[in-house]
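Participant: I would like the atomic coordinates for the input below:
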Amino acid sequence: MARDKKIIYIIEDDVALNHGIELTLGNEAYECRQFFTLGEIQHIEQADLVILDINLPDGNGFDYLKQVRKISNVPVLILTANDTELDEVMGLTLGADDYVTKPFSLMTLRLRVNNLLARAGARQAEYANRYEKHGLVLDFGNLLFQKNGVEIELSKTEIRLLKYFTENEGITLSREKLIDHVWQNQQYVDENALSVTVKRLRDKIESPGERLIHTIYGIGYVFKG
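Facilitator: So this is what the prediction gives:
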């Protein structure tokens, strides 16, 4: 189940500014978690966005950003009193998504946060329509499909079946469930149609000796490497 609120980590040692940001962003859409030193930060993987000051009492925000980027693509907005171009370039090079120089307008900060989260949501939606595994690159949004770098042509029925398989990787799907999902509103579908579609799909996405779509006899199929 998706969380109702986006979680924003505010990492800023200036107590007044930290509270000001929390008051500006804390609403029905955002849950703000406040940290005043790097040592206080826990469970960074829970954050949907990080507001990160560079000059902190127990460390440098740039060094912390390097650590974050090793484990997460969470949007990071840097706050700093350093208005030199070199610092801005360094922050963006290390993977920051935006850079704000103090002093700044809290309303402007809120707009930047809204924009970053909107872009992150769009990226998540895009990735939800992509599958990259087993030599397959499946872009369901743009209807572009490759196996080991070679483009493959799929029919609409094959696309629906393959997307359903990838969305349920490792889960055994009954023939009835597959037919209902792929052929949807059609009143009568010969069960042989599923077998034929699975065979065609196997021919297109499986390399010699490889099995991705496994038959579970008496039940249906499971998609797994």
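
Participant: in the longest helix seen in the chain, what's buried?
Facilitator: Criterion DSSP state H: the longest helix present in the chain is helix 106-128. By 16 or more other C-beta atoms under 10 Å, the buried positions in helix 106-128 come out as Leu109, Arg112, Val113, Leu116, Leu117, Ala120. Yep, even glycine has a C-beta here, placed from its N, CA and C like the rest.

Participant: ditto for stretch 75-95
Facilitator: Buried residues in stretch 75-95, counted by 16+ other C-beta under 10 Å: 75-80, 82, 87-88, 90-91, 94-95.

Participant: Tell me the one of these nearest Asp4?
Facilitator: Pro75 (19.0 Å; C-beta to C-beta).

Participant: my read: the closest one touches Leu49, true?
Facilitator: Yes: assessed by C-beta atoms under 8 Å, Pro75 is found in contact with Leu49 at 4.7 Å.

Participant: Give me the common contacts of these two.
Facilitator: Listed as contacting both Pro75 and Leu49 by C-beta atoms under 8 Å, 6 or more residues apart in numbering are Leu116, Leu117, Ala120.

Participant: Now do the contacts for the first one.
Facilitator: For Leu116, the contact set (C-beta under 8 Å, 6+ apart) comprises Leu49, Pro75, Leu77, Asp97, Asp98.

Participant: And the nearest residue to it once chain neighbours are set aside, how close does it get to Asn114?
Facilitator: Spatial nearest neighbour of Leu116, excluding adjacent residues (C-beta to C-beta, 6 or more residues apart in numbering): Pro75 at 4.4 Å. Pro75 sits 11 Å away from Asn114, going by C-beta to C-beta, to the nearest Å.

Participant: cool, and Leu25?
Facilitator: According to C-beta to C-beta, Leu25 and Asn114 sit 9 Å apart.

Participant: again with Ala16
Facilitator: From Ala16 to Asn114 the distance is 23 Å (C-beta to C-beta).

Participant: Am I right that Val50 sits in a strand?
Facilitator: Yes: Val50 sits within a strand when classified using DSSP: H, G, I helix; E, B strand; the rest coil.

Participant: quick one: pLDDT of it?
Facilitator: pLDDT, Val50: 97.

Participant: From Ile71, how far out is Phe35?
Facilitator: Separation of Phe35 from Ile71 (C-beta to C-beta) stands at 17 Å.

Participant: if you count what's nearby, which of these two comes out ahead?
Facilitator: Taking other C-beta atoms under 10 Å, Phe35 and Ile71 do not tie; Phe35 has more neighbours (20 against 9).

Participant: circling back: just name the closest of the buried residues of helix 106-128 to Val222, please.
Facilitator: Closest to Val222, out of all of the buried residues of helix 106-128 and judged by C-beta to C-beta, is Ala120, at 32.1 Å.
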